[in-house]
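S.K.: For reference, the sequence and a predicted model appear below.
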Amino acid sequence: MNTHYFIALPIQPHLRKTLQEIQMKTRLALFKHIVYPEDFHITVAFLGVADERQLTVLHEGLQKVAEFMQPFKLEVEGLNYFGSEVRPRVLYADVKRSDQLDKLHEEIVRICQLAGFSLKESEYSPHVTLAKKWYDPTKEIQPNWPTLNCECQEVSSVNLYQVAPDETPRYKGVATYEFTTK
(Lines give C-alpha, C1' and ligand atoms only; values in the text may rest on other atoms or scores of the structure.)
Protein backbone atom coordinates (compact mmCIF):
# COMPACT_ATOMS: atom_id res chain seq x y z
CA MET A 1 0.00 0.00 0.00
CA ASN A 2 1.28 3.45 -0.91
CA THR A 3 1.96 6.02 1.78
CA HIS A 4 -0.40 8.99 1.79
CA TYR A 5 0.36 12.47 3.11
CA PHE A 6 -1.59 15.57 4.11
CA ILE A 7 -0.91 19.04 5.48
CA ALA A 8 -2.85 20.10 8.56
CA LEU A 9 -3.03 22.33 11.59
CA PRO A 10 -2.48 20.53 14.88
CA ILE A 11 -5.08 20.76 17.64
CA GLN A 12 -3.89 22.05 21.00
CA PRO A 13 -4.44 19.91 24.13
CA HIS A 14 -7.25 22.05 25.64
CA LEU A 15 -9.31 21.85 22.44
CA ARG A 16 -8.50 18.16 21.99
CA LYS A 17 -9.91 17.51 25.48
CA THR A 18 -13.11 19.45 24.68
CA LEU A 19 -13.59 17.56 21.41
CA GLN A 20 -13.02 14.23 23.12
CA GLU A 21 -15.70 15.14 25.69
CA ILE A 22 -18.08 15.95 22.80
CA GLN A 23 -17.32 12.52 21.30
CA MET A 24 -18.19 10.84 24.58
CA LYS A 25 -21.55 12.69 24.72
CA THR A 26 -22.44 11.77 21.13
CA ARG A 27 -23.93 8.54 19.85
CA LEU A 28 -21.07 7.41 17.61
CA ALA A 29 -21.68 3.64 17.56
CA LEU A 30 -23.14 3.84 14.05
CA PHE A 31 -19.88 5.17 12.60
CA LYS A 32 -17.21 2.74 11.39
CA HIS A 33 -14.38 5.04 12.42
CA ILE A 34 -14.23 7.20 15.52
CA VAL A 35 -11.25 9.52 15.31
CA TYR A 36 -8.68 9.14 18.08
CA PRO A 37 -8.14 12.43 19.96
CA GLU A 38 -4.41 12.25 19.10
CA ASP A 39 -5.45 12.32 15.42
CA PHE A 40 -7.60 15.47 15.62
CA HIS A 41 -6.41 18.06 13.10
CA ILE A 42 -7.64 20.64 10.61
CA THR A 43 -6.72 19.52 7.11
CA VAL A 44 -5.36 22.24 4.87
CA ALA A 45 -4.57 19.97 1.89
CA PHE A 46 -4.81 16.22 1.31
CA LEU A 47 -1.93 15.14 -0.94
CA GLY A 48 -2.26 11.40 -1.37
CA VAL A 49 0.83 9.52 -2.57
CA ALA A 50 4.06 11.56 -2.79
CA ASP A 51 7.49 10.85 -4.24
CA GLU A 52 10.79 12.17 -2.84
CA ARG A 53 10.99 15.06 -5.33
CA GLN A 54 7.49 16.23 -4.43
CA LEU A 55 8.26 16.01 -0.71
CA THR A 56 11.46 18.03 -1.19
CA VAL A 57 9.65 20.81 -3.11
CA LEU A 58 6.86 20.73 -0.54
CA HIS A 59 9.29 20.94 2.38
CA GLU A 60 11.09 23.96 0.88
CA GLY A 61 7.79 25.69 0.10
CA LEU A 62 6.30 25.08 3.54
CA GLN A 63 9.43 26.50 5.16
CA LYS A 64 8.97 29.70 3.13
CA VAL A 65 5.29 29.96 3.99
CA ALA A 66 6.10 29.56 7.70
CA GLU A 67 8.61 32.43 7.44
CA PHE A 68 5.96 34.98 6.48
CA MET A 69 2.98 33.61 8.44
CA GLN A 70 2.37 34.95 11.89
CA PRO A 71 0.47 33.04 14.58
CA PHE A 72 -3.28 33.62 14.53
CA LYS A 73 -6.37 32.67 16.49
CA LEU A 74 -8.79 30.06 15.24
CA GLU A 75 -12.34 29.47 16.47
CA VAL A 76 -14.11 26.11 16.60
CA GLU A 77 -17.84 26.18 17.31
CA GLY A 78 -20.73 23.81 16.71
CA LEU A 79 -21.08 20.34 15.22
CA ASN A 80 -21.98 19.69 11.61
CA TYR A 81 -21.95 16.81 9.14
CA PHE A 82 -21.27 15.85 5.54
CA GLY A 83 -23.90 13.68 3.87
CA SER A 84 -27.37 12.92 5.11
CA GLU A 85 -28.50 14.33 8.44
CA VAL A 86 -29.87 10.94 9.50
CA ARG A 87 -26.91 8.95 8.06
CA PRO A 88 -23.94 11.35 8.05
CA ARG A 89 -20.75 10.34 6.24
CA VAL A 90 -18.72 12.57 8.54
CA LEU A 91 -19.48 14.24 11.87
CA TYR A 92 -17.22 17.20 12.55
CA ALA A 93 -16.57 20.29 14.65
CA ASP A 94 -16.95 23.44 12.58
CA VAL A 95 -13.92 25.73 12.16
CA LYS A 96 -14.70 29.38 11.47
CA ARG A 97 -12.95 30.74 8.42
CA SER A 98 -10.71 33.75 8.81
CA ASP A 99 -8.54 35.87 6.51
CA GLN A 100 -5.38 34.31 7.98
CA LEU A 101 -6.66 30.75 7.53
CA ASP A 102 -7.75 31.48 3.95
CA LYS A 103 -4.36 33.03 3.16
CA LEU A 104 -2.55 30.01 4.61
CA HIS A 105 -4.76 27.65 2.62
CA GLU A 106 -4.18 29.56 -0.63
CA GLU A 107 -0.39 29.56 -0.16
CA ILE A 108 -0.30 25.86 0.67
CA VAL A 109 -2.45 24.98 -2.36
CA ARG A 110 -0.05 27.00 -4.54
CA ILE A 111 2.97 25.15 -3.13
CA CYS A 112 1.27 21.77 -3.53
CA GLN A 113 0.55 22.54 -7.18
CA LEU A 114 4.20 23.60 -7.71
CA ALA A 115 5.24 20.27 -6.21
CA GLY A 116 3.06 18.45 -8.74
CA PHE A 117 0.09 17.48 -6.58
CA SER A 118 -3.32 17.66 -8.22
CA LEU A 119 -5.68 18.78 -5.51
CA LYS A 120 -9.43 18.38 -5.81
CA GLU A 121 -11.11 21.62 -6.83
CA SER A 122 -13.69 22.17 -4.12
CA GLU A 123 -14.41 24.93 -1.67
CA TYR A 124 -12.22 24.72 1.39
CA SER A 125 -14.29 23.63 4.39
CA PRO A 126 -12.06 23.67 7.49
CA HIS A 127 -13.21 21.27 10.19
CA VAL A 128 -12.11 18.72 12.79
CA THR A 129 -13.45 15.24 12.00
CA LEU A 130 -14.85 13.42 15.05
CA ALA A 131 -16.27 10.30 13.33
CA LYS A 132 -16.69 9.05 9.77
CA LYS A 133 -18.06 6.29 7.55
CA TRP A 134 -21.65 5.43 8.42
CA TYR A 135 -21.78 1.82 9.60
CA ASP A 136 -25.21 0.57 8.56
CA PRO A 137 -27.14 2.14 5.65
CA THR A 138 -30.38 0.63 6.95
CA LYS A 139 -30.16 2.55 10.24
CA GLU A 140 -30.89 6.20 10.81
CA ILE A 141 -30.51 8.51 13.76
CA GLN A 142 -32.37 11.51 15.01
CA PRO A 143 -29.50 13.99 15.24
CA ASN A 144 -29.29 15.40 18.70
CA TRP A 145 -25.70 16.58 18.75
CA PRO A 146 -24.35 18.11 21.94
CA THR A 147 -23.55 21.81 21.94
CA LEU A 148 -19.98 22.79 21.15
CA ASN A 149 -19.52 26.34 22.39
CA CYS A 150 -16.90 28.54 20.81
CA GLU A 151 -13.38 27.37 21.62
CA CYS A 152 -10.28 29.25 20.48
CA GLN A 153 -6.77 28.10 19.87
CA GLU A 154 -3.68 29.76 18.52
CA VAL A 155 -2.26 28.44 15.29
CA SER A 156 1.51 28.82 15.27
CA SER A 157 2.56 26.02 12.93
CA VAL A 158 1.47 23.76 10.12
CA ASN A 159 2.41 20.07 9.95
CA LEU A 160 3.05 17.50 7.27
CA TYR A 161 1.50 14.16 8.26
CA GLN A 162 1.83 10.62 6.96
CA VAL A 163 -1.14 8.24 7.12
CA ALA A 164 -0.48 4.93 8.91
CA PRO A 165 -3.88 3.20 8.60
CA ASP A 166 -2.93 0.12 10.63
CA GLU A 167 -1.53 2.05 13.60
CA THR A 168 -2.97 3.98 16.52
CA PRO A 169 -2.83 6.94 16.27
CA ARG A 170 -3.22 6.80 12.48
CA TYR A 171 -1.46 10.05 11.58
CA LYS A 172 2.28 10.46 12.09
CA GLY A 173 3.91 13.88 12.09
CA VAL A 174 6.65 14.05 9.45
CA ALA A 175 7.61 17.74 9.81
CA THR A 176 6.47 20.85 11.66
CA TYR A 177 6.80 24.33 10.20
CA GLU A 178 6.73 26.98 12.94
CA PHE A 179 5.37 30.41 12.00
CA THR A 180 7.38 33.58 12.49
CA THR A 181 6.68 35.34 15.75
CA LYS A 182 7.24 39.06 15.32
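M.R.: Cool, the structure landed. What you see is a predicted model, and the numbers here were worked out from it, not measured in a lab.
S.K.: How about the contacts made by the residue located most distally from the centre of the chain?
M.R.: Here the chain reaches farthest from its C-alpha mean at Thr138, the gap being 28.8 Å by Cα atoms, centre = their mean. Under the criterion of Cβ atoms under 8 Å, 6 or more residues apart in numbering, Thr138 has no neighbours. Yep, even glycine has a C-beta here, placed from its N, CA and C like the rest.
S.K.: 10 Å instead?
M.R.: Arg87 (Cβ atoms under 10 Å, 6 or more residues apart in numbering).
S.K.: now swap in Gly61 and tell me
M.R.: Counted by Cβ under 10 Å, 6+ apart, Gly61 has contacts Glu107, Ile108, Arg110, Ile111, Cys112, Gln113, Leu114, Ala115, Tyr177.
S.K.: hang on, the second one packs against Val158?
M.R.: Yes. Here Ile108 reaches Val158: they are 7.1 Å apart, a contact under Cβ atoms under 10 Å.
S.K.: the more surrounded of these two?
M.R.: The residue with more neighbours, out of Ile108 and Val158, is Val158; 24 against 21, by other Cβ atoms under 10 Å.
S.K.: related to what we said a few turns ago, identify the contacts common to Ile108 and Val158.
M.R.: Common contacts of Ile108 and Val158, defined by Cβ under 10 Å, 6+ apart, comprise Ile7, Ala8, Val44, Ala45, Leu62, Val65, Tyr177.
S.K.: Tell me the first helix or strand C-terminal of the helix or strand harbouring the third one.
M.R.: The secondary structure element spanning Val44 is strand 41-49 (assigned by DSSP states H and E). On the C-terminal side of strand 41-49, the closest following helix or strand by DSSP H and E is helix 52-68.
S.K.: What is the least confident helix or strand in the protein?
M.R.: strand 31-34 (a mean of 90; mean pLDDT, DSSP states H and E).
S.K.: partner strands of that one, parallel or antiparallel?
M.R.: strand 127-134 (antiparallel) (DSSP bridges).
S.K.: tell me the angle the strand it pairs with makes with strand 41-49.
M.R.: If you take axes from the mean of the first three to the mean of the last three Cα atoms, to 10 degrees, strand 127-134 sits at 60 degrees to strand 41-49.
S.K.: Tell me which other helices or strands the strand holding Val44 touches.
M.R.: Judged by 3 or more Cβ pairs under 10 Å, 6 or more residues apart in numbering; DSSP states H and E, the packing partners of strand 41-49 are strand 4-10, helix 52-68, strand 88-95, helix 99-114, strand 127-134, strand 157-163.
S.K.: and if we set it to 8 Å?
M.R.: Strand 41-49 sits against strand 4-10, helix 99-114, strand 127-134, strand 157-163, with contacts defined as 3 or more Cβ pairs under 8 Å, 6 or more residues apart in numbering; DSSP states H and E.
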